[in-house]
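Q: How does the following fold in three dimensions:
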Amino acid sequence: MTHYSTKARLLIAGTALSVFASPAFALDGQDLLKKINAAMAVQGGKLTAESIDISGSTVTLKGTRVSPVATPEELTIGTVTMDGVEEDAGGYSIDKVTFPNINASSEGTTVTATDLTLSGVTVPADATTASLDSLLIYEKAHSGPVNVSVGGKTIFAIAETNATTDVADDDTSLDFAFDMTGIKADLSIVDDAQSKEAINALGLTSLDGKITMKGSWTQNDGTVDVEEYAIDFDKVGSLNLAFSLSGYTIDFIKSAQETAKAMEANANKEEAQQAANLAMLGLMQRLTFNSAQIRFEDDGITTKALDYAGKTQNTTGPQMAQMIKAMTPLVLAQYNVPELQNMLSQAVNSFLDKPESFTVDAEPKNPVPFPMLMGAAMGAPNTLPQVLGVKVSAND
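A: Numbers count the residues shown, from 1 in each chain. Have a look, this model is predicted:
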């Protein structure tokens, strides 16, 4: 049997007490919320809670509300649960944030959404620095099924939504991706007779599709590269937008948020709008255009649209296509852009003869500052295609 002296027992007891009572092992819920709001102020919005409960590494915000930036209204969220919360160099890391399901009804319309979570959340210690580690970042945002119904009938639904971010090891850039799958819409409920006729003729009484996006952002020069932003619907087609611009830095984001806040705080809304327009004009001068592309890949909608348009003009789809071909160069001639006129006319002809894809590229030899673009647009709009390096093609 082991015997301890009185002094030894007191030392052991004191050590144990100091370990379990140490602030290092107790989460500060108010500090966590304060730092979340400091980061949200940069990106837009404010979070409030009626009470904060802490149990081990789980923090529960009850009676939670969020105020989006430049909006006086608060949105009620309810109980938000944060699991796996740890202090991290003055900030916090959170394994998972779970939001309550949504079930809201108004005037016969009901909206439901389930399985709403954020994973791998990083709350910065200092949100004032112009660097990636000053941002509130999540690794994954997820939503399960979303349903909108009217009178008990579903008119719009989403099966699942996921958004991810991946910060580079050197903290100088991040990749992002987004996908929304199982999008379904019921357009058969449209009452307007003319719209209903067009919907039926185009075969759009029901829509089934998805939205995907992926890209990257670089901290130092604020370059945003959106490689893909595609809206794809079965039996319609896919519309994809890609673009690259520079100057979208954290300082730019903060300035834009400050402008929005100043506009909201000004009671004279007309004066506030004018001031905001001037401020945004100044902000736009920080941006530089690198490239852009718009591409449409047909999945049957073009032929149906030509047939319907032809019917409204007492003619056929093929004849309507020929009319559009003939009108295109005549319409473009008034803009004095001969090179673009020729490219566009050829592309329209090819696409209407065999609808597959239609692409508009803008890729200047060198990046173009936005002030130069605005100057060309106001002073010599016919030079814009050349300034931007615009090219148009079909079925490539």
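
Q: List the residues that contact residue 262.
A: Contact analysis of residue 262 by C-beta atoms under 8 Å, 6 or more residues apart in numbering lists 272, 275, 276, 279. The C-beta positions use only the backbone N, C-alpha and C, and glycine is treated the same way.

Q: what does residue 341 give?
A: 329, 332, 333, 335.

Q: Tell me the spacing between the most centrally placed residue in the chain and residue 290.
A: For the chain, the residue nearest the mean C-alpha position is residue 178 (8.4 Å; C-alpha atoms, centre = their mean). Distance from residue 178 to residue 290, counting by C-beta to C-beta, to the nearest Å: 21 Å.

Q: hmm, who's touching stretch 97-108?
A: Contacts of stretch 97-108 (C-beta under 8 Å, 6+ apart): 77-83, 110-119, 121, 138, 150-151.

Q: Please repeat the previous calculation with a cut-off of 7 Å.
A: Counting by C-beta atoms under 7 Å, 6 or more residues apart in numbering, stretch 97-108 makes contact with 77-82, 111-114, 116-118, 121, 150-151, all of which sit outside it.

Q: Inside strands: which ones of these?
A: Filtering the contacts of stretch 97-108 for membership in strands, criterion DSSP state E, returns 77-82, 111-113, 116-118, 121, 150.

Q: thinking again about what came up before, for beta bridges, what are the partners of the residue nearest to the centre of the chain?
A: With beta bridges defined as DSSP bridges, residue 178 has these partners: residue 163, residue 213.

Q: If any of the contacts of residue 262 are buried, give me the ChimeraX selection for them.
A: A single ChimeraX command is used to select the members of the contacts of residue 262 judged buried by 16 or more other C-beta atoms under 10 Å:
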select :272,276,279
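
Q: okay, who's weakest in the contacts of residue 262 by pLDDT?
A: The lowest pLDDT within the contacts of residue 262 belongs to residue 272, with 73.

Q: For that residue, which non-adjacent residue is spatially closest?
A: Sequence neighbours aside, residue 266 is the residue nearest to residue 272 in space, at 3.6 Å (criterion: C-beta to C-beta, 6 or more residues apart in numbering).

Q: Now do the helix or strand harbouring residue 195: which elements does it pack against?
A: For residue 195, the element it lies in under DSSP states H and E is helix 193-202. If you count contacts as 3 or more C-beta pairs under 7 Å, 6 or more residues apart in numbering; DSSP states H and E, helix 193-202 packs onto helix 301-312.

Q: Could you list the low-pLDDT ranges of this protein?
A: 1-26, 43-44, 69-72 (pLDDT under 70).

Q: now with 80?
A: Residues of the chain meeting the criterion pLDDT under 80: 1-26, 42-45, 68-74, 130, 257-273, 275-277.

Q: Which member of the contacts of stretch 97-108 is positioned nearest residue 311?
A: For these, the residue nearest residue 311 by C-beta to C-beta is residue 150; the value is 30.3 Å.

Q: before we move on, what SS does the nearest residue to residue 159 once chain neighbours are set aside have?
A: Excluding its sequence neighbours, the residue lying closest to residue 159 (C-beta to C-beta, 6+ apart) is residue 182, at 2.4 Å. Under DSSP: H, G, I helix; E, B strand; the rest coil, the three-state class of residue 182 is strand.

Q: any idea how far residue 182 lies from residue 234?
A: 12 Å.

Q: now the helices: where do they sit in the stretch 151-300 of the chain?
A: Using DSSP state H, counting those that start in this stretch, the helices of the stretch 151-300 of the chain run over residues 193-202, 250-265, 269-284.

Q: would JSON lines of the ones you listed with distance to residue 93 be doable?
A: Below are these laid out as JSON lines (distance: least, C-beta to C-beta, whole Å):
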{"stretch": "helix 193-202", "distance to residue 93": "49"}
{"stretch": "helix 250-265", "distance to residue 93": "21"}
{"stretch": "helix 269-284", "distance to residue 93": "33"}
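
Q: ok, back up a step: ok, the residue nearest to the centre of the chain to residue 84 distance?
A: In terms of C-beta to C-beta, residue 178 sits 24 Å off from residue 84.

Q: Now do the buried residues in the helix or strand containing residue 340.
A: Using DSSP H and E, residue 340 maps to helix 338-353. The neighbour-count check on helix 338-353 (16+ other C-beta under 10 Å) flags 340, 341, 343, 344, 345, 347, 348, 349, 350, 351, 352 as buried.

Q: got CSV for the residues you listed, with distance to residue 125 too?
A: As requested, these are exported to CSV (distance: C-beta to C-beta, whole Å):
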residue, distance to residue 125
340, 52
341, 57
343, 53
344, 53
345, 59
347, 53
348, 56
349, 60
350, 57
351, 54
352, 59
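
Q: Tell me the one of those residues nearest residue 221?
A: residue 340 (30.1 Å).

Q: Can you give me the neighbour number for the nearest residue to the closest one once chain neighbours are set aside?
A: Leaving out its chain neighbours, the residue that sits closest to residue 340 by C-beta to C-beta, 6+ apart is residue 385, at 4.4 Å. If you count neighbours by other C-beta atoms under 10 Å, residue 385 ends up with 20.

Q: how about residue 385, secondary structure?
A: Quick answer, by three-state DSSP: residue 385 is helix.

Q: show me what contacts it?
A: So residue 385 contacts 337, 339, 340 (C-beta under 7 Å, 6+ apart).

Q: Does the first one touch residue 382 like I think?
A: Yes: applying C-beta atoms under 7 Å as the test, residue 337 and residue 382 come out as touching, 5.3 Å apart.
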